[in-house]
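Engineer: build the 3D model from these lines:
(chains A, B, C and D)
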There are 2 protein chains.
Amino acid sequence: MANMRETIIAVSIDLFHRKGYFATSVSDIARGSGIQKASIYYHFSSKEDLLYHIMRATMVDLNGYLTRNLSGIEDIEARMRVAVRSHVRFHLERQKENFIANSELRGLTAEHFRDIVTLRDAYEQVFQQLIREGASQGTFVHGDAKLLSYAILTLCTAGAAWYKPEGRLTAEQISHIYERFVIAGLKTADAGLFQGAP
Amino acid sequence: MANMRETIIAVSIDLFHRKGYFATSVSDIARGSGIQKASIYYHFSSKEDLLYHIMRATMVDLNGYLTRNLSGIEDIEARMRVAVRSHVRFHLERQKENFIANSELRGLTAEHFRDIVTLRDAYEQVFQQLIREGASQGTFVHGDAKLLSYAILTLCTAGAAWYKPEGRLTAEQISHIYERFVIAGLKTADAGLFQGAP
DNA sequence: GTCTATAGAGTGATAGAC
DNA sequence: GTCTATCACTCTATAGAC
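Structural biologist: The predicted model follows:
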């Protein structure tokens, strides 16, 4: 870890994941980084600024990863398979950051909160659009795209949360399991199953 | 709210849900309850004791609700349908407490943490046993019962988290939607889908 | 059962030397 | 870029009066 700024970020990701944002003090981060707590403020203007930076980088990378993986693929079902695999793999590979991004939104200022939610909404829109296109061309069931997208994403996000790298399955195997499960649900659930939604 | 102890619990559930356990101070709870913070300690020995009480009551009630709903039902598929509906309905009716029980485990002492996790494990075992029995009699697919139970429970728990009481669907309608979705998944997912697990 | 008062420790953040 | 020192405040929890 050549760069102190990167060290602080890595230490913070680890602590925010293990103890939570509010339970982690700037002193904890400084101790883990091997510097005094005042030195943290040379690199970041506040503890919240550090949280925001971690969350924003995670969401931007998540969106970028999905866009890259989808580029050049035309078939709707193939695009959905790729989207699910992309989501699961990203969450498995950057487990701690994604856990933070999903659980520490309350630590952000109102302005930063809005920014992160906007990025999250854009990501969910990709899945909802795929569900709508798949339904209109008869590949997927007709149902509330918003509720369906939440179901798909939370199922996969939660799956990634209990994954242990030293476990029996590789990230590749797990992403295939969820890909097949979601596609099965989108094709076989009886019509009207997800009609109406919050 | 005749009883001050009950008032403190209700106020704490609201604050822990809205702001999180660590971001909520004993002063906040006292202010919400209309007393001085020192008076909180007449009713509870510590802030953690209050969190533990809320979590334990929620888990005990969750288990009791499931047991009552399952009593007298023999058929495996019918039992699974009832179990899923029971889970979803309980999470919709006591949304805040369940959210706390699922997200504030880090606030507990090691001893209390173990106690809550034991209760949660017992609850999950009911679902895993149903999955195993259904598979052995040919009603459900064969697959890793643990991974399947996690998928079912987190899908339904997450669904309950974004539910808004003033929304379009009633708790009854939502619990039916999830019941049908889970049963469809348990009956139609191709064999080997959930083989192997964390 | 609830109050006032306070102990004792830790918090996020800043000033200014080097 | 990192340090020491410190500000101003908040936190959980307790003591003891009423």
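Engineer: domains of chain A?
Structural biologist: Domains of chain A are assigned by automatic domain parsing as A:1-44, A:47-194.
Engineer: got JSON lines for those, with distance to DNA strand C too?
Structural biologist: Where C-beta positions appear, they are placed from N, C-alpha and C, glycine not excepted. Below are the domains of chain A laid out as JSON lines (distance: least, Cβ to the nearest atom of the strand, whole Å):
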{"stretch": "domain A:1-44", "distance to DNA strand C": "3"}
{"stretch": "domain A:47-194", "distance to DNA strand C": "4"}
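Engineer: can I get the ones you listed in CSV including mean pLDDT, mean neighbour count and distance to chain B?
Structural biologist: Formatted as CSV, these follow (pLDDT from 0 to 100; neighbours: other Cβ atoms under 10 Å in any protein chain shown; distance: least, Cβ to the nearest Cβ, whole Å):
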stretch, mean pLDDT, mean neighbour count, distance to chain B
domain A:1-44, 96, 16, 4
domain A:47-194, 91, 17, 4
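Engineer: a markdown table please, covering the ones you listed and showing distance to B:K37.
Structural biologist: Formatted as a markdown table, the domains of chain A follow (distance: least, Cβ to Cβ, whole Å):
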| stretch | distance to B:K37 |
| --- | --- |
| domain A:1-44 | 19 |
| domain A:47-194 | 22 |
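Engineer: among the ones you listed, which comes closest to DNA strand D?
Structural biologist: Among the domains of chain A, the nearest to DNA strand D by Cβ to the nearest atom of the strand is domain A:1-44 (3.0 Å).
Engineer: tell me if that closest one is near DNA strand D.
Structural biologist: Yes: if you take Cβ under 7 Å from any atom of the strand as the test, domain A:1-44 does meet DNA strand D, through A:M4, A:I35, A:Q36, A:K37, A:A38, A:S39, A:Y42, A:H43.
Engineer: surely the first one and A:I35 touch.
Structural biologist: This means A:M4. Yes: under the criterion of Cβ atoms under 8 Å, A:M4 is in contact with A:I35, at a separation of 7.1 Å.
Engineer: for chain A, longest helix please?
Structural biologist: If you go by DSSP state H, chain A has its longest helix at helix A:110-136.
Engineer: mind checking what helix or strand follows that helix in sequence?
Structural biologist: helix A:145-161 (DSSP states H and E).
Engineer: can I get the CA coordinates of the helix or strand following that next one in CSV?
Structural biologist: As assigned by DSSP H and E, the chain's next helix or strand after helix A:145-161 is helix A:171-188. Extracted in CSV, the C-alpha atoms of helix A:171-188 (Å, rounded to 0.1, in the frame of the first residue of the first chain):
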residue,chain,number,x,y,z
ALA,A,171,-17.9,-16.9,-7.6
GLU,A,172,-18.4,-18.2,-11.1
GLN,A,173,-20.5,-21.2,-9.9
ILE,A,174,-22.7,-19.0,-7.6
SER,A,175,-23.4,-16.4,-10.3
HIS,A,176,-24.5,-19.3,-12.6
ILE,A,177,-26.9,-20.6,-10.0
TYR,A,178,-28.6,-17.3,-9.5
GLU,A,179,-28.7,-16.6,-13.3
ARG,A,180,-30.6,-19.9,-13.8
PHE,A,181,-32.9,-19.3,-10.9
VAL,A,182,-33.9,-15.8,-12.0
ILE,A,183,-34.4,-16.7,-15.6
ALA,A,184,-36.6,-19.7,-14.5
GLY,A,185,-38.6,-17.3,-12.4
LEU,A,186,-39.0,-14.8,-15.2
LYS,A,187,-40.1,-17.4,-17.6
THR,A,188,-42.3,-19.8,-15.6
